[in-house]
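Enquirer: dropping the sequence and predicted coords here.
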There are 2 protein chains.
Amino acid sequence: MESRTHCGLITSELVEQKVLLKGWVQRRRDLGGLIFVDLRDRSGIVQVVFNPDINQGALETAEKLRGEYVVTIEGTVKKRDENTVNPKMKTGEVEVVAERVEILNKSKALPIKIENKTEATEEIRLKYRYLDLRREEMQETMKLRHLISQSFRHYLNHQGFFEMETPMLTKSTPEGARDYLVPSRVHPGDFYALPQSPQLFKQLLMISGYEKYYQITRCFRDEDLRADRQPEFTQLDIETSFMSQEEIMAMTEEMLQSVVKEVKGVDVATPFPRMTYDEAMERYGSDKPDTRFEMELVNVSDVVADSGFKVFKSAVESGGKVSAINVKGQANNFSRKDIDKLTESVSVYGAKGLAWMKVDGNEFSGPIAKFFETDEVQALSEKLNATDQDLLLFVADKANVVADSLGALRLKLGKELGLIDESKLNFLWVTDWPLYEYDEDEGRYHAAHHPFTMPQTQDIDRIDEDPANVKAQAYDVVLNGYELGGGSLRIYQKELQEQMLKTLGFSEEEAEEQFGFLLEALEFGAPPHGGIALGLDRIVMILAGKTNLRDTILFPKTASAADLLTDAPSPVDGNQLDELYLKLQQKSDE
Amino acid sequence: MESRTHCGLITSELVEQKVLLKGWVQRRRDLGGLIFVDLRDRSGIVQVVFNPDINQGALETAEKLRGEYVVTIEGTVKKRDENTVNPKMKTGEVEVVAERVEILNKSKALPIKIENKTEATEEIRLKYRYLDLRREEMQETMKLRHLISQSFRHYLNHQGFFEMETPMLTKSTPEGARDYLVPSRVHPGDFYALPQSPQLFKQLLMISGYEKYYQITRCFRDEDLRADRQPEFTQLDIETSFMSQEEIMAMTEEMLQSVVKEVKGVDVATPFPRMTYDEAMERYGSDKPDTRFEMELVNVSDVVADSGFKVFKSAVESGGKVSAINVKGQANNFSRKDIDKLTESVSVYGAKGLAWMKVDGNEFSGPIAKFFETDEVQALSEKLNATDQDLLLFVADKANVVADSLGALRLKLGKELGLIDESKLNFLWVTDWPLYEYDEDEGRYHAAHHPFTMPQTQDIDRIDEDPANVKAQAYDVVLNGYELGGGSLRIYQKELQEQMLKTLGFSEEEAEEQFGFLLEALEFGAPPHGGIALGLDRIVMILAGKTNLRDTILFPKTASAADLLTDAPSPVDGNQLDELYLKLQQKSDE
C-alpha cells in the first residue's frame, strides 16, 4: 500500500507540494464541469478539486464517488482564489488539485448522517455506533477522554505513583451492589465476581508497601440502570499510605486543577470550597450540591413551629422539619396550575404536598398566607430574604423527605429558569459523612461508604451504641452537582475492622469467610492508608459539556444493559453451559 | 496525622536536618546500650539509632519494635563515623538519631521473610501475596511494569494514537479460545463474554475513522493453563488505518526500541531480523525461534533418502523428513543413558525415536553409524558442520513432529549446556504465516491467527481450493524465543470476509448471527487497517529477567485458575443464582 504523505489538515505551508491523502468522502459537488470533494480524515477536512484539464480519468473516477467512500487521492496543494476562500474551514485557504484518485472501499447509503450534531434516535446511534462515532462531536469527546486519562496519569506519575493492575476475576462479596458473576469451569459450582472496585486489592497493595498506587480501571455493578449509570464504568482509583485526609484532599485538588488546566485551559482555584454532609443536606437538600446557583433551602422550622398552619406545626412537633426555597421574582410567572405541576414533581420523593406563598409588597399572599401572624411573616421574610414578587415554596415532612424533595425542586427550577451559569466549574468537597446508613427494609445498618471506612476518631467509642451518629473520615468531591468521586481513610487495625463488620451484621464466621484474608493482612504491619476514586466517564461528560454518560463511552450499554451493536448479551451453546456445570432455570422455577 | 517530611532514601545532603519518617522496621539490633533500627519504606532503607542520652523514652519504645512494625520516627540526620559507614547501603553514610518513635501498627511473626530473594514455596507466596509483594525483587518488577506501560503510552501518544476503552461485557463467539461467560440478570438465559481481545471493537474503531488506536487492556481466556498462561492477561493492543504491513512493523520496532532504551537503557538495533514462518519451522523447529544461540535444525532428508537406514529412508519416502542438530563438542559428555533421557523428552512431541551418532575424528560412531556410506557421512558432516567430538541427533518423522521435537530438544540443550547469552535481547519478526491451520480432530480448517486476517494478495484466489497453502499478511514479533505479540492486516471487504468465514465452516446464518454487525460495518466505508497486540506480562517478564509470568502480576492465579489469597472462585448464595435464572448441574448431570 502506498504511504500517506499528509493528513487532511492541509495548510498554506504546503502550497505547490505534492500530497498523497487517504480518507473518506464527506461530500461531493459537481460544478461547472469540475468535481469538488471534501475529503475527511481524523485530522480534518480538505477540499479536493477534479479538473478535466488535469486528469480526465481521475475526474471520471470522481464521478463515482459517494459519501463515505474511502479513497486515496494524489494531487498538488494550491492556494484558493481569494473569492473562494472558506474562512469557516481550517483548510479553507487551500485546495488539493487531484491528479489521481483510487477507490479503496465503497459505502452504502448511511442510516446516520456524518455531521457534528445528529438527529438520529439513540437506538439507531447505538446500533450503528461505528458510524455515530465518525461524527465530529463524538470524535472530539473521545479525544478529550484520551487527553483526560493521560493528563491524570501525567500528574500521578510525576507524584511518584505507580499504575498497578489488580485482578478482574475476583471473589464475590455480598456487601455493596450486586456483583456480575463469572462461573468457573475448573471449579464446578464456584464463581468469580467482576470487581465493583479494586478496593480490597488497593488496600492490600498498601499493606504490601507500595505507598502510592493508582489505576484507571473498569468496574462493574449489576444494578438497575439510571441515565447516568452503566454496568461497566471506568474509575481512576488512587490509594496512598501515611497521608492524612487533608493531604489526600489537597493532592486531589491539585490533580484536578492540573487536568482541567491541561485539557481545557481553564484555571480552577484551590482549595475547593468545603461543606459537611449535614450542611449540604440542610442547605441544598443534596449530598452533591450544585453551587453554580443559589436558591438554597432555608430551615424555617423555628419560625413556623407555633404558627396557625397545622401542617407546618405538626411536622415540627412530630420530629420533622419545614424548609423553603425562595424563587426570586417569579411570583407572577407561576400559575396555580404551574405550582400543581411542581407539587406533582416533589411527590415522587415522598412529599405529601408543596405549600406556597407569594410576596406582594410586604405581604404574603396565597391560600395559606392567612395562617401566619405579622411577626411570622416578617421572620420568614428575613430568613428567606423575601422581597416583592418572590415565590416561596415550602415542604414540611421528615428531614430526608424535605431534603430530597426541595433539593430536587431547586435543581429543576434552577435549570428551567436558566439560573445555572454553564461556564462555571464549581468544585466542592462534601466531608464528614455518616459512617452508617439505616436500611429500613432490612432493619439493619449498612456501610454508607463501604465497610473499610475509618470512623472519625472522636466517634469510635460510639460505634456499638449509637451508630447513626458516627461520622466517617470520608470525603466526596463534587463538580457542578455531580459526584465526581469519593474517598476515605481506611481502617488499618484488625480489631476495629472486626468491630465494624460486626455492627454491619456479620457473624464471626461470615466475617472470616468473606474478609478473612483482609483481617489477617491487617495483622502483618498494615500502614495507615486512604485514597479516593473518581468516575472517569463522569469527568469526561462534564468537561465535554455533555449530559449523557453514553456520549462519553465508545460502546455503551442501553438502560437494559444490552449492546445494540453486537447484540450482547446473547444465548450460548448448551455445551458451553455443560462445561460450566450450569443449567438454565425454567421460567416456572422463578 | 503528622506529615512525613522525607522518604527513607536519606542522603548526606540532609545531614543535621530534622526529619519525620514513616515506614516498616526491617531489622532491629541492640548493641552496647544503643538500639539500631533499619527503617524501610518504598524508597529505601535507612539506619535509625536510639540512644538513651538523646531520649530514654524513645529507647524504651524502640525495645518493643519487631520486624514489620509500622512506625513514625522523628530525629536528626547525622553523618556516620567513618568506620561505621556501610558502602552497601545507598544511605550508608548517614543515620537518623531518633528523638521520638511511635508505633502505628504491629506485626505478627511473618510466614515469608521480607528479603530480596525468597525460599518460600509459591503456594505460601500466593496466599500471603501482600507480604511477598513487599520483597525488593517484587517491588522492582512492579515498578518496571509501571515504567514499561507508561513508556509504551509515551511513545504512542507522541505518534498521535488515542488510548480508547473497549467493552469488557461483550458477545460470546465460538471461534477461538473458550470464553469466560457472564450471565445476564436482565436478559434471563443470555450471557456476556469477557473479551479474549478487543479485536472486533478495534476494527470497528477503524471503521469509525479513529485511525490510530491503542489500549493497555485485560483479556481473558478460559483455557487449561500452562506455566506461561494466565486466565486474565494484559495486552498492549494497537490498530491503525491506512498503514502498510511494513509501516506497522517499522513503527512497532521503533516503539520497542524506545521502550527498551527508556526502561533498561539498552540500545536495540532496528530493523529487527526477519524470517518467514516456513524458515523458522525448518531452521528452529519453532514459530518463535530463540536466536540467542545456534544449533540450528538441518534438513538432511536428501542425504539420507537412499541410505541403508530404513527408519530415515521410509520417513522421507512417506512424505516426512529427517532433520538433525549438532551438539558441538559434546560427544563424550552424553552417555547412552543421557541420550535415552533425551529420547524420552522428545517422545511427548510424538517422535517415535531419537537417532544419534557421535563424530570420532572423521568417522561417525554409534549403533546406526554402520548404515551410512562414506559419501553420506561426508555429506552429513558438511551439512551439519560436524567435527570431532560432536554429537548429532536426528529425528525422522512427519514435518511437524520433526520440528516440534527437535525444536524443543534444541531449546532444552541450549539451556542445559549454557549456550544462551542471557544478556542478549534478540528481537525477530516471523512473517508469512499460514492463513489456516488444519484441525485433524475436527476435520476442518481453523484460522491460524483469527478469522479477520487478510490473506496475501497473490493467494486470495486459492482460498477455496487450496487453503493449506494460503499465506496471511501476518507477523509475529519474537524476543528471546518468546512470542511477544502478533499482528496482521485485516480484511476490510465484506465479500472477502464472507468467503473467509465460509471456508472456516460457517453457514451463512451462523456468519450473520455471530459476525453480522461486522459484515454490515464493512459496507459503510471501512478503511484498510491492521495492527498488532503485544503481551505486556511477557514483555515485563523478559525485561525483568524472570522466567515465570506470575512474578510479573500483582495477584496472579494458580495453574487451576484460583486466587489463593482471596480464595476465588468461591460458592455463591442460591439467591444470586436465582436472580440469574441459573441452577448448578449435579455431578450426575455431567
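Expert: That came through, no problem. Residues are numbered from 1 along each chain as shown, chains lettered A, B, ... in the order given.

Enquirer: would you agree A:Leu417 is in contact with A:Val327?
Expert: Yes. With contact defined as CB atoms under 8 Å, A:Leu417 counts as touching A:Val327 (7.4 Å). Placement of C-beta: from N, CA and C, glycine included.

Enquirer: who has more neighbours, the two?
Expert: Counted by other CB atoms under 10 Å in any protein chain shown, A:Leu417 and A:Val327 do not tie: A:Val327 has more neighbours, with 24 against 15.

Enquirer: might you report the residue contacts of the more buried one?
Expert: A:Val327 makes contacts with A:295, A:334, A:390-393, A:413, A:417, as judged by CB atoms under 8 Å, 6 or more residues apart in numbering or on different chains.

Enquirer: tell me which of those fall in strands.
Expert: Assignment to strands by DSSP state E places the following of the contacts of A:Val327 there: A:391-393.

Enquirer: longest strand in chain A, please.
Expert: Selection of the longest strand in chain A by residue count, based on DSSP E, yields strand A:18-31.

Enquirer: mind listing the strands in the stretch 301-450 of chain A by residue range?
Expert: Per DSSP state E, counting those that start in this stretch, the stretch 301-450 of chain A has strands spanning A:321-327, A:355-360, A:363-365, A:391-397, A:427-431, A:436-439, A:444-447. These are given in chain order.

Enquirer: tell me the secondary structure for whichever residue of the stretch 351-500 of chain A sits closest to chain B?
Expert: Per CB to the nearest CB, the residue of the stretch 351-500 of chain A with the smallest distance to chain B is A:Tyr492, at 6.1 Å. Recorded secondary structure, A:Tyr492: coil (DSSP: H, G, I helix; E, B strand; the rest coil).

Enquirer: show me the contacts for the residue lying closest to A:Asn299 once chain neighbours are set aside.
Expert: In space, and not counting its chain neighbours, A:Asn299 is closest to A:Ser323: 5.0 Å by CB to CB, 6 or more residues apart in numbering or on different chains. When contacts are counted by CB under 8 Å, 6+ apart, A:Ser323 touches A:282, A:285, A:297-301, A:394-395, A:402-403, A:406.

Enquirer: per-residue pLDDT, A:Glu590?
Expert: Confidence at A:Glu590, expressed as pLDDT, is 41.

Enquirer: cool, and A:Ala227?
Expert: Each residue has a pLDDT score; the one for A:Ala227 is 64.

Enquirer: cool, A:Leu9 as well?
Expert: pLDDT for A:Leu9: 82.

Enquirer: give me the neighbour count for it.
Expert: By other CB under 10 Å, the burial measure for A:Leu9, its neighbour count, is 14.

Enquirer: identify the farthest-apart pair in the contacts of A:Val327.
Expert: Looking at the contacts of A:Val327 by CB to CB, the two members farthest from one another are A:Leu392 and A:Leu417, with 14.9 Å of separation.

Enquirer: now do the contacts for A:Leu564.
Expert: Applying CB under 8 Å, 6+ apart, we find A:Leu564 in contact with A:123, A:126-127, A:129, A:558.

Enquirer: out of the residues you listed, which comes closest to chain B?
Expert: For the contacts of A:Leu564, the residue nearest chain B by CB to the nearest CB is A:Arg129; the value is 7.4 Å.

Enquirer: count the neighbours of that closest one for me.
Expert: A:Arg129 is flanked by 28 other residues according to other CB under 10 Å.

Enquirer: apart from its neighbours in sequence, what residue is nearest it?
Expert: Closest residue to A:Arg129 in three dimensions, ignoring its sequence neighbours and counting by CB to CB, 6+ apart: A:Leu565, at 4.9 Å.

Enquirer: next one: A:Leu522
Expert: Once flanking residues are discounted, A:Leu522 sits nearest to A:Lys494: 4.1 Å by CB to CB, 6+ apart.

Enquirer: for that neighbour, give me its contacts.
Expert: A:519, A:522-523.

Enquirer: now, the residues you listed that are in helices?
Expert: Helix and strand membership here follows DSSP state H; of the contacts of A:Lys494, those in helices are A:Leu519.

Enquirer: who wins for most neighbours among the contacts of A:Lys494?
Expert: A:Leu522 (23 neighbours).

Enquirer: kindly list the main-chain dihedrals of that one?
Expert: Backbone dihedrals for A:Leu522, given as degrees, to the nearest 10, come out at phi -70, psi -10.

Enquirer: and it, how far is that from B:Glu123?
Expert: A:Leu522 is 22 Å from B:Glu123, where distance means CB to CB, to the nearest Å.
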